[in-house]
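Asker: model this:
(one chain, ligands or ions: 2)
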Amino acid sequence: MNSTVKKNFTQKLFLCLAGAALLTSCVNKQADKTYDDAVDIPVNQQMLAELTSPPNVPTPVGKRKAKKLIVDMEILELEGEMTSGVSYVYWTFGGTVPGSFIRARVGDEIEFHLKNHPDNKLPHNIDLHAVNGPGGGAESSLVAPGHEKVFSFKVLNPGLYVYHCATAPVGMHIANGMYGLILIEPEGGMAPVDREYYVMQGDFYTEGNFGDRGLQAFDMQKAVREQADYVVFNGHVGALTGDNALTAKTGETVRLFVGNGGPNLVSSFHLIGEIFDKVHVEGGDLINDNVQTTLIPAGGAAIVEFRVDVPGTYILVDHSIFRAFNKGALGMLKVEGEEDKQIYSGELSDKVYLPEGGVIQSMPGSKEKKEEITASSVEERIKFGKDIYGRTCFACHQADGKGIEDAFPPLANSDYLNADVDRAIDVVLHGLTGEITVNGKTYNSVMTAQNLSDEEVANVLTYVYNSWGNSKKEVTPEMVKAVRNK
Ligand code: HEC
Ligand SMILES: [Cu+2]
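Answerer: Ligands and ions are numbered 1, 2, ... in the order given. Now for the predicted structure:
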């Protein structure tokens, strides 16, 4: 109801009278006028809304006139991968977590079709924070498996809004992934940018701990205590890393639509190596400039915009930092293009990754000894090792083992690694600091000691040795034990 644009329809009316012969064009022209009150904006045609899966967003609305917009959303309950080796039954809007992105404009009349797939087990509904009406639509949209509910609403307020399921137990439906974003563009659209992406954080509660293998059920106790096992962007660990990283080129402007589904945790959203030129605070009209970290409440959102100047890998994190490195809240934006030594000299400090400073810190061991599945063949060792790599090492050494220039040495085809197995075991067990040379390049950084069992160290190193052109050795738990006891 707070459209900033002023009425100019006296002028339009004059034009229409003058050109009375072109009656139809007058009708069209009338849709050009602007309104003080969004509720008065007429809708003339109807169209099917484009819905997209994360990290993609639909085409900008721009200057299009208000329409009746049909949103066709299907709820699917499906098993997916939380992280390699760990699966989870997600409840989804449109088959993904977060759910399909909806893009509309002020004045649109949205006719929402909510379908609950017949194979689903539970009733669901939708509460859109962009709705002015009881339950944000939840009261009109409760839908049983095999049914479709329809309700409609007039879009009055611009901004970026969360939608979520609000069926009891509400917390559980949200915890299983039932949330997404709806963007309402203002009259005239948003300023164009080169890239737009959709990122949404969520916290997950599983019966096992982080990384425990197999199908993991939802744990209500942990959810009530707010003890998340996983905190992730876009539904699972690694949704935005390695091959799934967001991309841009130097000189481009990037806009991220960032939401937080919760159910519990507030996000300290930060992009390592960039400053947000603009943040639409809480997804609303207020714009803050030059922001390092923006707080995104559970059930809230923000739009962040920045220009990327220098090539490299930029890391999206929840700066409540253990969530990033130990629970999965880590994504990547890979920027390609020309170096600009004036903006950035090219020397990376490891301090960004290791706030404790340059001393090797070891990870405290877990008190309860968990039962361990031991690998029964080299193939299995490689398979288990790959999972550990994907949880532990990839954040620094990268999914493809190539590392990050000047910061993390490569494990792919690494002469340092291949020259000495015991030394490699020692690095993983005890960490490493001081200058080393890998494939002709020097690194002088810190790797923290990894808190892994003998079996896990054997598996992850066997995976590394059998990947990316390395020397194909098998590392056994006995070899690890021998180095540990030295
Ligand atoms: C927090 C970032 C980080 C993580 C996580 C990490 N490393 Fe490293 N790693 C480093 C850094 C930094 C160095 C170089 C240390 C130096 O300069 O002395 C290094 C060096 C190495 C080296 C020796 C150099 C080479 O390239 O061959 C090996 C082997 C290695 N890491 C293996 C692993 C394995 C296996 C894991 C997972 C179990 C792992 N690292 C996890 C940061 C990390
Ligand atoms: Cu639900």
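Asker: Return, as residue ranges, the portions of the stretch 201-350 of the chain with sub-threshold pLDDT.
Answerer: Filtered on pLDDT under 70, the stretch 201-350 of the chain yields the residue ranges 346-350.
Asker: where do the strands sit along it?
Answerer: Taking DSSP state E, counting those that start in this stretch as the criterion, the stretch 201-350 of the chain contains strands spanning 214-215, 230-233, 246-249, 253-262, 267-272, 276-280, 287-291, 293-296, 300-307, 312-318, 330-336.
Asker: quick one: which of those is nearest Val378?
Answerer: Proximity of these to Val378 was assessed by Cβ to Cβ; the nearest stretch is strand 214-215, lying at 22.0 Å. In short, each C-beta sits where N, CA and C put it, glycine included.
Asker: Quick one: list the elements packing against the closest one.
Answerer: Taking 3 or more Cβ pairs under 8 Å, 6 or more residues apart in numbering; DSSP states H and E as the contact definition, the neighbouring helices and strands of strand 214-215 are strand 86-93.
Asker: Now the strand it packs on: average pLDDT?
Answerer: In this model, strand 86-93 carries a mean pLDDT of 96.
Asker: next helix or strand past that strand?
Answerer: Using DSSP states H and E, the helix or strand that follows strand 86-93 towards the C-terminus is strand 102-105.
Asker: who touches that next one?
Answerer: The contact list for strand 102-105, computed with Cβ atoms under 8 Å, 6 or more residues apart in numbering, reads 49-51, 57-61, 64, 66, 69, 71, 110, 130, 155, 158, 163, 180-187, 189.
Asker: follow-up on the earlier one: with ligand 2 as the reference, name the closest of the strands of the stretch 201-350 of the chain.
Answerer: Smallest distance to ligand 2 across the strands of the stretch 201-350 of the chain (Cβ to the ion): 12.2 Å, for strand 253-262.
Asker: List the strands paired with that closest one, with their directions.
Answerer: With DSSP bridges as the criterion, the sheet partners recorded for strand 253-262 are strand 195-204 (parallel), strand 300-307 (antiparallel).
Asker: Tell me the buried residues in the helix or strand where Ala138 lies?
Answerer: Counting by DSSP H and E, the secondary-structure element that holds Ala138 is helix 138-141. Within helix 138-141, the residues that count as buried by 16 or more other Cβ atoms under 10 Å are Ala138, Ser140, Ser141.
Asker: From ligand 2, how far off is the last one?
Answerer: In this structure, Ser141 lies at 10 Å from ligand 2, with Cβ to the ion, to the nearest Å as the measure.
Asker: how about that residue, what does it touch?
Answerer: If you count contacts by Cβ under 8 Å, 6+ apart, Ser141 has them with Phe112, Leu114, Asn125, Ile126, Lys149, Phe151.
Asker: Can you tell me the closest non-neighbouring residue to it?
Answerer: Beyond its immediate neighbours in the sequence, the residue positioned closest to Ser141 (Cβ to Cβ, 6 or more residues apart in numbering) is Asn125, lying 4.3 Å away.
Asker: doesn't Ala168 make contact with that neighbour?
Answerer: No. Counting by Cβ atoms under 8 Å, Ala168 is not a contact partner of Asn125; they are 10.0 Å apart.
Asker: for Val61, phi and psi?
Answerer: Here the main-chain torsion angles of Val61 (degrees, to the nearest 10) amount to phi -70, psi -40.
Asker: Now do it against Gln46, distance only.
Answerer: Summarising the geometry, the distance separating Val61 from Gln46, computed by Cβ to Cβ, to the nearest Å, is 15 Å.
Asker: Residues contacting the longest helix anywhere in the chain, please?
Answerer: Longest helix in the chain, counting residues (DSSP state H): helix 378-391. When contacts are taken as Cβ under 8 Å, 6+ apart, the neighbours of helix 378-391 outside the stretch itself are 83-85, 210-211, 213, 237-238, 373, 375, 399, 452, 456, 458-464, 466, 474.
Asker: okay, the very next helix or strand once past it in CSV with CA atoms only?
Answerer: Taking DSSP H and E as the definition, the helix or strand that follows helix 378-391 towards the C-terminus is helix 394-397. Output for helix 394-397, consisting of C-alpha atoms alone and laid out as CSV, is shown next (Å, rounded to 0.1, in the frame of the first residue of the first chain):
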residue,chain,number,x,y,z
PHE,A,394,37.3,-30.2,0.4
ALA,A,395,36.7,-26.9,2.0
CYS,A,396,40.4,-26.1,1.7
HIS,A,397,41.8,-28.5,-0.9
